[in-house]
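A.B. asks: Task: produce atomic coordinates for the following.
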Amino acid sequence: MIAAIKPAGSNTRGLLAYLYGPGDHDEHLDPHIVVGFAMLGMPDPGRDENATLSELARYLDEPVRLRNSEFGRKVTDHVWHCPVRAAPEDRYLSDTEWGEIAQRIVQAAGIAPAGDDLACRWIAVRHADDHIHILATTVREDGRRPKLHDSGIRVGDACREIEKDYGLRQLKKGDRTGARRPTQAEMHKAERLGWEQPSREWLQDRIRAAIPHVTNAEEFIAYLEASGVEVQVRRGPSGDLLGYAAGRPGDVNEAGEQIYHPGSKISPDLSLPKITARLESSRPEEHPTARRNHPSTPWHQATDALDTLHSDLADDTHAQAHITALGELLEATAQKAPANLRTELQAAAKAFARAQRSQIRAEDRAAHALRSAARDIVHTATGPDGSALAAMVAALVWAAIVAARWHEAKNHAHQADADLPAVQHLQMAADRALAPTLAELTARPPREQTRRVLANDVRAAVPDHAERIIADPAWPALATVLADADARGHQPHQLLKEAAAQRELTSARQPARVLITRIQHTGRNPAPNRRAEAARRRSTITPSVRVQQIQNGQTPSTNTTPAEQQHRRRR
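C.D. replies: You can find the predicted model right below:
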């Protein structure tokens, strides 16, 4: 059951005209009052042909008129409006039941506390099977205003209890971090203009898409403007950017003026201060040439950053930062991935947006690596190779699962629910990303004797999952990956243990596929040659260190410890 308190209004008669009228699409049937503050003597134009809307409006507005006649400052924001709607699958509710529900709503809101004879005047009008409208005038009989602060939270809690008591669909308790739902007017406007999304949803998608591309607030505003978003900024006397509002081209009011929505009203995490804090945390802290000289691609670096996610969730503020940054990495990946994966990744990013935020304050700098990876991906000129993309998308699947488990542990019901479709879309993308690699690996299986040896490695490294892995249709491809890694000097047994430690296999649908992407990522480079590494270390010793070694009686040009030097002299 949803109770949506509307912004305060000033025209009681106008709202009544809508409630008792035919509706925008002739959907209003048999409008009438099901309950009110005092049913005796109250005019109901839906049941009394002699009653008028103006008469009912005067009846409800009487305390407002009395207050305005006695005080110099007039009350004009006195119309309280709250539609209350049942879920489509809920049973039919009678007028009596809707009346009881309305009583509980106005009590919870503070409009008419239980036992208060001087409360506000109110009515509940029904003009459809599945919902009612509660209208109240917010001046009490004693002339005071009701205490409505946080009424939305109290009404939401009352709805959760009503759902239990009446056997209705039970929704999750809100935490004030969700984006506002589109209003009926916004949805009708989008339909009329042929838009697939209402304006605030359209704007949210474009704002989230902009974040990985920019490093500060000024760049953020410029990027939005360049991408076709109308932007209105607020600056201080010094010229500093203080806030912004965004508008969709063509979304105008009756006067033809552009409609703007503040970032925080589009979504709570899209206010300028929150976006700025995230952008500041992604600024590079290392030498500018360090990343250019790194041998890995941005896709490999993103996978490396994702690998640390499960170990960074012990601290709640760090965990929230990593989950927020994970959403940004998802958005960046969706923008740069091949066309055959883009639809699933975009759907995953959109679903995960609700899981990005909670009431826990994020320590944004803790997620520097993930945000840097997202920024590098959107700025890379080349796409990933097949195995790098498959490894990264597989890592995104596991990261989303880890995020969902964290939200569940913290009782973040809405966020955990949002994670589920995100995981499903990511799993579909992961299957598609791995398909070409799987076909190539399956086409060149190792010899039967080699496969038997590798199967023994699997049984030794991951005994609890060995039979599932070997029975997996992707086992021949995994055997090829292990044989390739062995040829590069790696130990298959060790790679298997490391991969299983990085991502538990109990929840994996196809464990062999999980191991393929993990081992291709960790074993992509040749294993280090120990003799070559020792020679390299000797060659890096400076002349001053060599002199010091001679003075200490050590053999120069070595990197060994004194104990190792003594051992060599004894030999």
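A.B. asks: mind checking how far residue 229 is from residue 39?
C.D. replies: Per Cβ to Cβ, to the nearest Å, residue 229 is found 51 Å from residue 39. C-beta: built from backbone N, CA, C; applies to glycine.
A.B. asks: next one: residue 319
C.D. replies: 53 Å.
A.B. asks: Pick out whichever of the two has more residues nearby.
C.D. replies: Each of residue 319 and residue 39 has its neighbours counted (other Cβ atoms under 10 Å); residue 319 has more, 25 against 12.
A.B. asks: Specify the local secondary structure of that one.
C.D. replies: helix (DSSP: H, G, I helix; E, B strand; the rest coil).
A.B. asks: so what's residue 276 closest to, chain neighbours aside?
C.D. replies: Leaving aside its sequence neighbours, residue 276 sits nearest to residue 217 (Cβ to Cβ, 6 or more residues apart in numbering; 4.9 Å).
A.B. asks: How many residues are close by the one you found?
C.D. replies: By the criterion of other Cβ under 10 Å, residue 217 has 20 neighbours.
A.B. asks: Need the pLDDT of it.
C.D. replies: Per-residue pLDDT puts residue 217 at 95.
A.B. asks: What's opposite residue 123 in the beta bridge?
C.D. replies: residue 36, residue 135 (DSSP bridges).
A.B. asks: Quick one: residues contacting it.
C.D. replies: By Cβ atoms under 8 Å, 6 or more residues apart in numbering, the residues touching residue 123 are 33, 35, 36, 37, 42, 56, 60, 134, 135, 136.
A.B. asks: confidence score at residue 316?
C.D. replies: So residue 316 comes in at 92 (pLDDT).
A.B. asks: and it, how far is that from residue 407?
C.D. replies: Distance from residue 316 to residue 407, by Cβ to Cβ: 11 Å.
A.B. asks: what about the two, which has more around it?
C.D. replies: Neighbours per residue (other Cβ under 10 Å) separate residue 316 from residue 407, with residue 407 holding more: 22 against 15.
A.B. asks: List the contacts of that one.
C.D. replies: For residue 407, counting by Cβ under 8 Å, 6+ apart, the contacting residues are 323, 355, 358, 415, 416, 419.
A.B. asks: closest to residue 194 among these?
C.D. replies: Closest approach to residue 194 among the contacts of residue 407 (Cβ to Cβ): residue 355, at 30.9 Å.
A.B. asks: and the closest one, what does it touch?
C.D. replies: 323, 327, 403, 404, 407, 415, 416, 418, 419, 422.
A.B. asks: among those, which two are most distant?
C.D. replies: Longest span within the contacts of residue 355, Cβ to Cβ: 327 and 416, 14.7 Å.
A.B. asks: More neighbours: those two, which one.
C.D. replies: residue 327 (28 against 19).
A.B. asks: low pLDDT regions in the stretch 401-550 of the chain?
C.D. replies: For the stretch 401-550 of the chain, residues meeting the criterion pLDDT under 70 lie at 527-550.
A.B. asks: All the helices of it, residue numbers only.
C.D. replies: When assigned using DSSP state H, counting those that start in this stretch, the helices of the stretch 401-550 of the chain occupy the ranges 413-442, 448-461, 466-471, 475-487, 492-502, 511-522, 530-539, 543-551.
A.B. asks: Pick the most deeply packed of those.
C.D. replies: Most buried of these, by mean neighbour count (mean count of other Cβ atoms under 10 Å): helix 511-522, with a mean of 25.
A.B. asks: Can you check what angle separates it from helix 448-461?
C.D. replies: Interaxial angle, helix 511-522 versus helix 448-461 (axes from the mean of the first three to the mean of the last three Cα atoms, to 10 degrees): 90 degrees.
A.B. asks: elements contacting helix 511-522?
C.D. replies: Judged by 3 or more Cβ pairs under 8 Å, 6 or more residues apart in numbering; DSSP states H and E, the packing partners of helix 511-522 are helix 386-409, helix 413-442, helix 466-471, helix 475-487, helix 492-502.
A.B. asks: about what we covered before: between the helices of the stretch 401-550 of the chain, which one is nearest to residue 163?
C.D. replies: Per Cβ to Cβ, nearest to residue 163 of these: helix 413-442, 13.8 Å.
A.B. asks: coming back round to it: ok, of the contacts of residue 123, which one's closest to residue 427?
C.D. replies: Top of the list for closeness to residue 427, among those and by Cβ to Cβ, is residue 134 at 43.6 Å.
A.B. asks: who touches the closest one in this structure?
C.D. replies: Contact analysis of residue 134 by Cβ under 8 Å, 6+ apart lists 80, 81, 82, 83, 84, 102, 105, 106, 111, 122, 123, 124.
A.B. asks: do that again at 6 Å, thanks
C.D. replies: Listed by Cβ atoms under 6 Å, 6 or more residues apart in numbering, the contact partners of residue 134 are 82, 102, 124.
A.B. asks: ok, and the closest non-adjacent residue to the last one?
C.D. replies: So the one you mean is residue 124. Of all residues not flanking residue 124 in the chain, residue 102 sits nearest, at 3.7 Å (Cβ to Cβ, 6+ apart).
A.B. asks: Ok, residue 79 next?
C.D. replies: In this structure, residue 79 finds its nearest non-sequential neighbour in residue 9, 3.7 Å apart by Cβ to Cβ, 6+ apart.
A.B. asks: ok, how many other residues are close to the one you found?
C.D. replies: For residue 9, the neighbour count with other Cβ under 10 Å is 15.
A.B. asks: Also residue 465?
C.D. replies: Applying other Cβ under 10 Å, we find 22 residues neighbouring residue 465.
A.B. asks: Tell me the spacing between it and residue 310.
C.D. replies: 18 Å.
A.B. asks: list the contacts for the most centrally placed residue in the chain?
C.D. replies: By Cα atoms, centre = their mean, the chain has its centre lying nearest to residue 353, at 2.3 Å. Neighbour list for residue 353: residue 327 [criterion: Cβ under 6 Å, 6+ apart].
A.B. asks: give me the low-pLDDT residue ranges for the stretch 201-350 of the chain?
C.D. replies: Counting by pLDDT under 70, the stretch 201-350 of the chain shows low-confidence ranges at 282-295.
A.B. asks: So residue 382: helix, strand or coil?
C.D. replies: Applying three-state DSSP: residue 382 is coil.
A.B. asks: Now for it, how many residues are close by?
C.D. replies: 9.
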